[in-house]
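I'd like to go over a predicted model; first the sequence, then the structure.
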Amino acid sequence: MDNRRLTSKNLSFFEKYLTIFVFICIISGILLGRTFPDLAVTLDQYTVFNISIPIAVALFFMVYPIMVRIDFGQVLEAAKAPRPVLLTLFLNWLIEPFAMFLIASFFLGFLFVGFLPGTEIIATGQQIELWRSYLAGTIILGIAPCTAMVLMWNYLARGNDGLTLIMIAINSVIMVVVYAPLATLLTGIAEVPVPWQTIAFSVAIYVVFPLVTGYYSRIWIVKNKGWEWFERKFLRLIQPVSIIALLGTLILLFTYQGEIIVANPLTILWIAIPIFVTAILVYIFSYFFLARKLKLAYEDAAPASLIGASNHFEVAIATTTLIFGVGSGAALATVVGVLIEVPLMLILVRVSKRYCGLYDECKLGLPPCDEKAEKKDGGICKEEEEEITCDMEDR
């Protein structure tokens with residue numbers, strides 16, 4: 001047995017206990033929404049193109065510390081390696097939408113249909129069955145690939161920042177062109193309106209603005225303070241900011257949706273199951289099969305798989321609100337995406353790091369964990385509170 005113990009000094013207090021903090025914030029947000037319903041109403045007034053300004057501010061502080069770390073040489077290098085980008089495009093536009101359609105149709109249109117009685121009048125004036133509305137909402141959620149939040153998942157997974165940025169940019173452009181036709185095809189609703197303003201504004205606020213701010217502030221700080229100060233002082237100072245902003249975003253999100261969640265617990269469960277199953281299956285297919293077949297490095301395989309399993313819930317909420325109405329079953333289904341995405345993605349981040357030894361290259365931002373057993377089982381990397389242990393078994 002060849003045991004290597006790698007001490008991880010770059011895990012903040014919040015990162016070590018992130019799962020606990022996430023659930024505390026979810027419960028706190030729900031309680032705030034229930035206790036002070038006027039608070040959610042007041043916050044909801046500050047929106048631009050269905051994008052909440054308070055959430056946009058919180059997401060900026062979540063993404064900026066990640067952007068300022070990016071060495072743009074990484075971006076140029078990542079652009080020379082098309083395989084991870086092709087993988088995430090394949091997952092986001094050919095696998096997840098159709099997987100969500102099939103899995104959600106089975107659960108909501110067959111297995112759980114008896115638990116979802118009733119009809120509703122949607123924004124177009126049509127009367128449809130509730131289960132069809134929930135189904136349409138989950139499909140529309142599955143079509144929208146994640147942008148801003150995946151920067152956080154990649155950061156926690158210690159993936160390739162430059163590659164993640166490229167994948168986000170390409171997916172954002174494709175979403176503008178493909179989103180409406182694909183939604184029309186899978187939902188059967190003709191002429192699905194594309195929330196152009198929502199897509200453009202969310203990309204600008206969640207990606208472009210923090211990217212530009214991070215790039216120029218990095219240049220200014222290094223020029224005036226030096227690289228050593230930037231790396232040893234500034235990066236350590238802002239390290240907890242992303243996690244704190246993520247937790248603040250969760251409180252805001254669940255303050256908005258607390259009343260809905262408490263009022264529809266069983267309905268939310270039925271809707272959550274196909275969303276959860278789809279994300280898990282897409283991730284497994286990518287991380288444990290496709291990425292390995294493509295011989296990717298861990299740092300490329302992790303973000304590609306995490307993007308494939310996550311969704312852009314703001315765009316999905318905006319779309320369902322435009323088609324079905326703000327109080328519709330479809331809009332509720334996209335809210336469920338918010339409810340389960342963060343805990344689910346944290347689980348997948350931990351799974352990614354635990355099984356990093358399946359890949360020939362694995363750095364995790366620490367001394368290289370790039371040895372792979374030449375035997376079938378490979379290695380397993382386990383991240384615990386203050387250390388990462390890579391156990392490689394010689395057979």
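It's in.

from here on, contacts and neighbour counts on C-alpha atoms
OK.

Show me how far stretch 301-319 is from its chain's centre.
5 Å (CA atoms, centre = their mean, to the nearest Å).

now could you export just the CA positions of that stretch as PDB?
The C-alpha atoms that make up stretch 301-319 are tabulated as PDB, following Å, rounded to 0.1, in the frame of the first residue of the first chain:
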ATOM      1  CA  ALA A 301     -13.700  16.200 -16.300                       C
ATOM      2  CA  ALA A 302     -15.100  17.700 -13.100                       C
ATOM      3  CA  PRO A 303     -16.400  21.000 -14.400                       C
ATOM      4  CA  ALA A 304     -17.700  19.400 -17.700                       C
ATOM      5  CA  SER A 305     -19.700  16.900 -15.700                       C
ATOM      6  CA  LEU A 306     -20.900  19.400 -13.100                       C
ATOM      7  CA  ILE A 307     -22.100  21.800 -15.800                       C
ATOM      8  CA  GLY A 308     -24.000  19.000 -17.500                       C
ATOM      9  CA  ALA A 309     -25.800  18.100 -14.300                       C
ATOM     10  CA  SER A 310     -26.800  21.700 -13.300                       C
ATOM     11  CA  ASN A 311     -29.200  24.200 -14.600                       C
ATOM     12  CA  HIS A 312     -29.800  28.000 -15.100                       C
ATOM     13  CA  PHE A 313     -32.900  28.300 -13.000                       C
ATOM     14  CA  GLU A 314     -33.200  32.100 -13.500                       C
ATOM     15  CA  VAL A 315     -33.800  31.600 -17.200                       C
ATOM     16  CA  ALA A 316     -36.100  28.700 -16.600                       C
ATOM     17  CA  ILE A 317     -38.200  30.700 -14.100                       C
ATOM     18  CA  ALA A 318     -38.400  33.600 -16.500                       C
ATOM     19  CA  THR A 319     -39.500  31.400 -19.300                       C
END
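
So which elements touch the helix or strand hosting V336?
Assigning secondary structure by DSSP states H and E places V336 in helix 329-354. For helix 329-354, the packing partners by 3 or more CA pairs under 8 Å, 6 or more residues apart in numbering; DSSP states H and E come out as helix 18-35, helix 130-143, helix 148-157, helix 235-263, helix 265-285, helix 298-309, helix 313-323, strand 380-383.

those strands in the stretch 1-150 of the chain, which residues are they?
For the stretch 1-150 of the chain, the strands defined by DSSP state E, counting those that start in this stretch cover 2-7, 47-48, 51-52, 119-121, 127-129.

circling back to that earlier point, I'd like the mean pLDDT over the helix holding V336, please.
The pLDDT scores in helix 329-354 average 87.

With stretch 210-223 instead?
89.

In it, which of the residues would be classed as buried?
Neighbour-count burial for stretch 210-223, counted by 16 or more other CA atoms under 10 Å, picks out 210-211, 214-215, 218.

same check, this time on stretch 265-278
Buried, per 16+ other CA under 10 Å, within stretch 265-278: 267-268, 270-276, 278.

ok, so of those residues, who is nearest I20?
F276 (19.8 Å; CA to CA).
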